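Trainee: need coordinates for the following:
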Amino acid sequence: MTQVLSILGSTGSIGRQTLDVVRHLPVKVAALTAGTNVERMAEQVAEFRPRLVSMATKEAAERLRALLPAQQPEILWGEAGLLAAASMEEADTVITAVVGMVGLKPTLAALERGKRIGLANKETMVCAGELVMRTAREHGAEIIPVDSEHSAIFQCLMGSRGREEVKRIILTCSGGPFFGKSRAELQSVTRDDALRHPNWKMGEKITVDCATLMNKGLEVIEAMRLYELPPEQVDVVIHRQSIVHSLVEYVDGAMLAQLGVPDMRIPIQLALTYPNRVENPAPGLDLLSCPPLTFAAPDPEVFPCFAIARAVAKAGGSACAVMNGANEAAVAKFLRREIGFYDVSDLVQKALDTVPFIANPSLEQILEADRLARCAASI
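Mentor: Numbers count the residues shown, from 1 in each chain. Next up, the predicted model:
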């Protein structure tokens, strides 16, 4: 069980919910990092008193320093600050809740020091999952997923004696705000439409990814890496109620599922307390009042990002980093209202068609593929 914690991305949705969980646990917070939300970080520092704080930019770090009293933590900024927070000797667990490829190097740094990773940064596993898993094995580090779907799979696999017993894993997907819409109906949807997720409160980037179903495509690749399964053994079903968080089907026909209310504090807490379970601030699931549970197949024609991710899962190599980098750049443009909904998938496909493929990329080649993909998607 976690004793001392570092949180990368503490002012975002996952970071704030992690701190809500920490309020109910005997866990000390050693380090907090954030982007540029200086005011919220100042509030967190006052409450949790970390020894180290880092902001994304030098300007944000200086603004934070001006807000805090004379007795203040060490304040860093940029990649160096992230790496320092991830590598703190006293922290036994690191929650990686930053968004995008910025989480890769800090995750590797924490794993190299044998720390437990509460993984909420799926892009790290998508782009460099094989490298991440190898680093964890070499240094005896734990990776416990925080995504609700992968936490569900993690829990459903607890009773398995080996992957040979697993027939397939089934990731559930809410379908986002556009489930049931036709391609024609989605041609003119806006940023605000895409941000109206029916079940979950999340950051803007992941919410858009849910609207395009790219999020589920990323999770397919993440599942392949985390659980060392080929793409043929990872399926997806639309489950609008977000109560069944994912399932594992075993070779004997048994199927195990993890159910619960759609509240991220449940998987976050498990990542901190595993292998123990303790009381959680999230509400419990009332089976007698929950709605009927329904399941449907995703539509790859209406949601081409999902089809692209499925193809990239089979291709592997640098294609994963290219797809992810291009998607991050395209979603940022969509959030700035510079492009339309289907331009996101078009830009991702353009990057995949443009950036050279490498079958077994090194870390440097992964980072370069990411850079080239962002350039291709930004034009």
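Trainee: am I right that residue 168 is in a strand?
Mentor: Yes: counting by DSSP: H, G, I helix; E, B strand; the rest coil, residue 168 falls inside a strand.
Trainee: what residues are up against it?
Mentor: Residue 168 is in contact with 229, 232, 233, 234, 235, 248, 249, counting by CB atoms under 8 Å, 6 or more residues apart in numbering. C-beta here means a position set from N, CA and C on the backbone, and glycine is covered the same way.
Trainee: same thing with residue 213?
Mentor: Residue 213 touches 173, 175, 176, 298, 303, 305, 306, counting by CB under 8 Å, 6+ apart.
Trainee: quick check: which element contains whatever residue is furthest in space from the centre of the chain?
Mentor: Distance from the C-alpha centroid of the chain peaks at residue 70, with 35.6 Å (CA atoms, centre = their mean). Using DSSP states H and E, residue 70 is not contained in any helix or strand.
Trainee: can you pull the pLDDT of it?
Mentor: Note on residue 70: pLDDT of 81.
Trainee: same question, residue 101
Mentor: As predicted, residue 101 sits at a pLDDT of 87.
Trainee: one more: the one 4 residues further on?
Mentor: The predicted local confidence for residue 105 comes out at a pLDDT of 95.
Trainee: could you do residue 258 as well?
Mentor: 97.
Trainee: got it, and residue 307?
Mentor: pLDDT at residue 307 comes out at 97.
Trainee: give the closest residue to it in space, chain neighbours not counted.
Mentor: residue 300 (3.7 Å; CB to CB, 6 or more residues apart in numbering).
Trainee: excluding its backbone neighbours, what's nearest residue 319?
Mentor: residue 312 (4.7 Å).
Trainee: re earlier: from the contacts of residue 213, which land in helices?
Mentor: 305, 306 (DSSP state H).
Trainee: could you say which helix or strand holds residue 5?
Mentor: Residue 5 belongs to strand 4-8, assigned by DSSP H and E.
Trainee: typo on my end, it should be residue 277
Mentor: Per DSSP H and E, there is no helix or strand for residue 277.
Trainee: now do the same for it: its pLDDT.
Mentor: We note a pLDDT of 96 for residue 277 in this prediction.
Trainee: quick one: the residue nearest to residue 307 is in a helix?
Mentor: No: under three-state DSSP, residue 300 sits outside any helix and is assigned coil.
Trainee: picking that back up, phi, psi for the residue farthest from the centre of the chain please.
Mentor: Residue 70 adopts backbone torsions of phi -60, psi -40, taken as degrees, to the nearest 10.
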